[in-house]
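Q: sequence plus the predicted model coming up.
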Amino acid sequence: MKQKKDVQQGTLALMILKTIDVLGPLHGYGIARRIEQISGDLLSLNQGTLYPVLLRLEQEGAIASDWASSENNRRARFYRLTRAGRKLLETEKRDWEQTSAIIARFFEVKAQDLP
Amino acid sequence: MRAVHRFFTRLRNFTAMRHNDERLREEMESHIAIQAEENICAGMSPEEARRCARLKFGAVEAVRENYHAEEGLPFIENLLIDVRYALRILRKSPAFTAVAVVTLMLGIGANVVVFGVLNAVLLHPLDVRDPQNLYQLRHQQWMSGRLLTNSYPAFEDLRRRNTTFSGMAAIDAYSHASLTWNNAAFSVSGDEVTGNYFDLLGVQPQAGRFFHAADEHGTDSAPYVVLSDALWRSAFHADPGIVGMTVELNKHPFTVVGIATAQFHGTERFVWPGYWIPMLNEEQLDSFDYLHARTSISVTVIGRLKPGVTPQQATENLNAIAAELANEYPQTDEGLSYRLIHPGLIGDEGDVIRGFLWSVTVLALLVLAAACANLASLFAARAADRSRELALRVALGSSPRRLVKQLFTEALLVSLLGGAAGLATAGLLLGVLSRWRPAAESHLAAHVDARVFVAALALTLISALLFGMVPARHAWRSSPMQMMKSGPAEVLHLRRFALRDLLLGAQIAICTLLVTASLVAVRGMERTLHAPLGFQPQGAMLVNIDLSQVEQSDDVALAKKKEMIDAARSIPGVTAAGTVNRTPMTGGLHGTPIFLPGTKDFKLNNSVLAPYVFQISPGYFDAAGTRLLAGRDVSWNDTAKTPYVAIVNETFAQNMWAHAPAIGQHFIVSGNLTEVVGVVENGKYHDMQESPQPVVYLPISQGNQGESIFVVRSPRAPNEMTAALQRAFGGILPNVPIAVESWSETLQDQLLPARAATVALGVMGLLAAMLAVTGIFGMAAYSVSRRTRELGIRVALGARKAQVLSAAVGRPIGLLGVGSGVGLLAGIFLSRLLGHIVYQANPRDPVVLVGAVLTMALLGIAASAIPARRALAIDASTLMREE
């Protein structure tokens, strides 16, 4: 059986932003569910931990929220990306790609590659 | 930008005390409901579905806490909670809080006062432009308290010939005058300064103008006077119209050109001159021309260096000039080498004052350290009493960090309260000190300024850290397991008591040291008061009459003086009366060179001794209470027509002729071959600290008639004598101001440093004693209260009173012994430190040692008496019922 990984510190916010970016307004449960799905159920997520992060993102102005009815007529708070959030997502994404590219080069490096 | 946005949202939430508990609850509910629905769809039973949903959601409380943490400003919120909680705790035990606050108030207050003075005297720069580049010329050798270093002609030579100073000014700060304006007369003192003085210092007047070098056109050409702010206020009711008016100083008209600012008071920190006049006009005030006399050492020289010149280069330059002058004027200029100091602290007294202040600062910090040790043990005892509460809180999930924060908040709160109280008290004391005028024109301006405030705050925070550490350490280790296993305060018993023992021991050692220091100061003071002065100020009155106002020849003046002495003698109750040109210990003394008989070339290098010379009338020794050891007093029959005679003191006789009898020996003074006709006892002439000085007394009937001070001895009360003398002298010299003072009073100034030191150390000693009492009392009372049960069992098992006592208060008393011993040893090793504070400090003095031991023993007994009584009163049956 594959070991489930804990969510790395700081990456949860990025995952949330990207999820809302792709799927449009979502409620908390929806976001949690999607993150698990997208990760191919490889991530173990205490779904509750999502809410403090959502609150912070909202305070930072990256997302906004409103009460609305869900698909099966339940009242739920729906989160959507703001303009600032989209910009934030882009910078975060660039940063992340850069970091992972750098790390990747370190993994690929071999002794003979270096002069 | 995001962070700012977020901070403001949080701040808004925080200030509005808004908690979105509702929002979170709703969200959680909807989340779990949706999850449960999905679980049901997946085939679970409703029960099972809800349970799984909740499990998946995670720990609700943890989420809520994180959510709150994101929401507001948790740091400040927690701080507020801590403060509120600490206030509640402190209010719950008002006695403890009061003791702690008062202890700190005393400790911090003492330090702030000392620092306030230190700040005013040492740290605060002089109120002139670029004080760092202002120097005062001193001679190389030690001349305690003597400000005057040069003759005016020598100053002129220095000013003209030097290549290193951009400017040089001379000051004679011993100027006195009677100021008359609108028929009112004031006796005032001030400075006579060269015209460039104000420009050299770079100061501006508050009204009118200062005089300048351009105002000087030869002797008596600049009858201008600048008033100090204080004199302007007291004598002229702060009337700005006085500028441009003419006032009289010693009957000579002077135009008031300007008024100095309230802050400006020249270059001496403790002296506040009343006026400044150009030195060129000095003869009108002093009735004595020193501008052309190389023998009259009457000016202090200050100067500013040219840019780029080091003090070292300037000193070499000055020394070269001094050597030249000694060559050119061998009879008057000694060619003493120079050094440069920063003006402000009465010349060389600077080192003494600095040493004194820093030493007192050290002692004040020791008081604070003792106070902190005291508080630390108090807080530790409380923490021990609260171990149950602390353990409970740890068990309920409070992190040790949180507990430590809480306890520190308490300590900080107490110390802020104490610090504020201390600062307020110190501010009041400094205010009193600033208003206090030990003499007419001397005082110190010490205020609570930003620096003092910061120092007080720093001391407060440091103390909080020091005594807060002990309970915090306790809390850090508090463990619910151990609390469960045993009753209160038994677990860490040995260790904790070791720490508290150490604290109390250190506190007692510091206190003993301080008590020793204050005893040393008191002894030193006593010794100073009883030091042989060579005269008896008690029962003697001094009469100052300005004879210069009466135009007359020397012969007439002499006759007048004789008449006045006779008049004083005829007052009922007067036992003796005489005159002297200057009473001892009034400053401004300089040696006069004397030569052996047969000397032809009166170069300074050929002189054998440079004694102080006084001019006296017959009867002065009787009036002053100076004992004549051999020979005779001077008499009215010693006149210019008879051989010159002199009376010398023991030191002079010893230095000149060793053991041979001095009577009948000769020496040359002021060019006259003089015979010694009498020898008097040694005394103090310039200050209390001086070593025995050679002195020559010459009869006024054989010299010039200068200033004379009448000394009149009588057992009658000073106020009666004042009236009688005013009447007697007023009849002879009508319309001349006559000032009568008792001699003891005029000497107060001289004893001021010793008095100040004694008061300072006395207060510290007292504070230390109080701290020692509260410390020992606290420890003894605490140990008795904690061990009541054990002591009860001992009593029940038949322990005798002595055993109960030793169990109850043995440890504090033992600590008292050890601590006192350490403190006494420290006192002996720190005698150098004490030496800075008190003249002739000797902690090895048996009286001091016995006194310190007795004091500490008494304090110990006093402090442990009540706890000991309580221990003895323990009754096994009462205890049993209580349990």
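A: Great, that's in hand. From a predicted model like this one, the values you see are computed outputs, not experimental measurements.
Q: quick one, strands of chain A?
A: A:5-6, A:26-27, A:43-44, A:63-69, A:75-81 (DSSP state E).
Q: what does chain B have sitting close to chain A?
A: Within chain B, the positions near chain A by Cβ under 8 Å from any Cβ of the partner chain are B:2-3, B:5-6, B:9-10, B:20, B:23-24, B:26-28, B:30-31, B:33-35, B:37, B:56-60, B:62-63, B:66-67, B:69-71. Any C-beta I mention is one placed from the backbone N, CA and C, and that applies to glycine too.
Q: out of those, which are buried?
A: Listed as buried from the residues of chain B next to chain A are B:6, B:9-10, B:23-24, B:27-28, B:30-31, B:33-35, B:37, B:56-57, B:63, B:66-67, B:69-71; burial here means 16 or more other Cβ atoms under 10 Å in any protein chain shown.
Q: and the helices in chain A?
A: A:11-23, A:28-38, A:50-59, A:83-108 (DSSP state H).
Q: now the ones you listed in JSON lines, with mean neighbour count, distance to residue B:309 and mean pLDDT?
A: Output for those, formatted as JSON lines (neighbours: other Cβ atoms under 10 Å in any protein chain shown; distance: least, Cβ to Cβ, whole Å; pLDDT from 0 to 100):
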{"stretch": "helix A:11-23", "mean neighbour count": "18", "distance to residue B:309": "67", "mean pLDDT": "86"}
{"stretch": "helix A:28-38", "mean neighbour count": "19", "distance to residue B:309": "77", "mean pLDDT": "85"}
{"stretch": "helix A:50-59", "mean neighbour count": "22", "distance to residue B:309": "64", "mean pLDDT": "84"}
{"stretch": "helix A:83-108", "mean neighbour count": "12", "distance to residue B:309": "61", "mean pLDDT": "89"}
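Q: and the ones you listed as TSV, adding distance to chain B?
A: Written out in TSV, the entries for those read as follows (distance: least, Cβ to the nearest Cβ, whole Å):
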stretch	distance to chain B
helix A:11-23	11
helix A:28-38	5
helix A:50-59	4
helix A:83-108	7
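Q: tell me who's in contact with residue B:328.
A: The contact partners of residue B:328, taken as Cβ atoms under 8 Å, 6 or more residues apart in numbering or on different chains, number zero.
Q: okay, it: pLDDT?
A: We have a pLDDT of 82 for residue B:328.
Q: try the one 3 residues further on
A: At residue B:331, the model reports a pLDDT of 73.
Q: and it, that one's in a helix?
A: No: applying DSSP: H, G, I helix; E, B strand; the rest coil, one finds residue B:331 to be coil, outside a helix.
Q: now it: closest residue in space, sequence neighbours ignored.
A: In this structure, residue B:331 finds its nearest non-sequential neighbour in residue B:602, 5.2 Å apart by Cβ to Cβ, 6 or more residues apart in numbering or on different chains.
Q: could I get the strands of chain A as JSON lines with mean neighbour count and mean pLDDT?
A: Putting the strands of chain A into JSON lines (neighbours: other Cβ atoms under 10 Å in any protein chain shown; pLDDT from 0 to 100) gives the following:
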{"stretch": "strand A:5-6", "mean neighbour count": "10", "mean pLDDT": "60"}
{"stretch": "strand A:26-27", "mean neighbour count": "22", "mean pLDDT": "85"}
{"stretch": "strand A:43-44", "mean neighbour count": "16", "mean pLDDT": "72"}
{"stretch": "strand A:63-69", "mean neighbour count": "14", "mean pLDDT": "83"}
{"stretch": "strand A:75-81", "mean neighbour count": "19", "mean pLDDT": "85"}
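Q: residues contacting residue B:105?
A: Contacts of residue B:105 by Cβ under 8 Å, 6+ apart are B:418, B:419, B:421, B:422, B:425.
Q: so it, which state does it fall into?
A: helix.
Q: mind checking pLDDT for the closest residue to it other than its chain neighbours?
A: The shortest distance from residue B:105 to any non-neighbouring residue, by Cβ to Cβ, 6+ apart, is to residue B:421 (4.0 Å). For residue B:421, the model assigns a pLDDT of 90.
Q: same question, residue B:712
A: pLDDT, read off for residue B:712, is 90.
Q: what sits against it?
A: Contacts of residue B:712 by Cβ under 8 Å, 6+ apart are B:540, B:541, B:542, B:543, B:568, B:571, B:574, B:576, B:577, B:623, B:721, B:725.
Q: residue B:139: what's its closest spatial neighbour, skipping adjacent residues?
A: Nearest one to residue B:139, counting by Cβ to Cβ, 6+ apart, is residue B:336 at 4.5 Å.
Q: can you report phi and psi for that neighbour?
A: phi -70, psi 140 (degrees, to the nearest 10).
Q: from what I see, it and residue B:322 are in contact.
A: Yes: contact criterion Cβ atoms under 8 Å: residue B:336 and residue B:322 qualify, at 6.5 Å.
Q: between the two, which is the more surrounded one?
A: Between residue B:336 and residue B:322, counting by other Cβ atoms under 10 Å in any protein chain shown, residue B:322 is the more crowded of the two (23 against 16).
Q: compare the contacts of residue B:105 and tell me which is most surrounded.
A: residue B:422 leads those on contacts (other Cβ under 10 Å) with 29 neighbours.
Q: for residue B:306, give me the backbone phi and psi.
A: phi -70, psi 150.
Q: quickly note the distance from it to residue B:370.
A: Separation of residue B:306 from residue B:370 (Cβ to Cβ, to the nearest Å): 51 Å.
Q: give me the more crowded residue out of the two.
A: More crowded of residue B:306 and residue B:370, by other Cβ under 10 Å: residue B:370, with 27 against 15.
Q: look up the closest residue to the more buried one, ignoring the ones flanking it.
A: Per Cβ to Cβ, 6+ apart, closest to residue B:370 is residue B:510, 4.3 Å.
Q: so what's the one you found scoring on pLDDT?
A: Residue B:510 is given a pLDDT of 82.
Q: next, count neighbours for it.
A: 27.
Q: do residue B:543 as well
A: Residue B:543: 23 surrounding residues under other Cβ under 10 Å.
Q: which SSE is the residue nearest to residue B:370 in?
A: helix B:493-530 (DSSP states H and E).
Q: please pull up the helix or strand immediately following that helix.
A: Using DSSP H and E, the first helix or strand after helix B:493-530 is strand B:540-545.
Q: could you check whichever helix or strand comes after that following strand and say which residues are buried?
A: Once strand B:540-545 ends, the next helix or strand along the chain (criterion: DSSP H and E) is helix B:554-569. Buried residues in helix B:554-569, defined by neighbour count with 16+ other Cβ under 10 Å: B:557, B:558, B:560, B:561, B:562, B:564, B:565, B:567, B:568, B:569.
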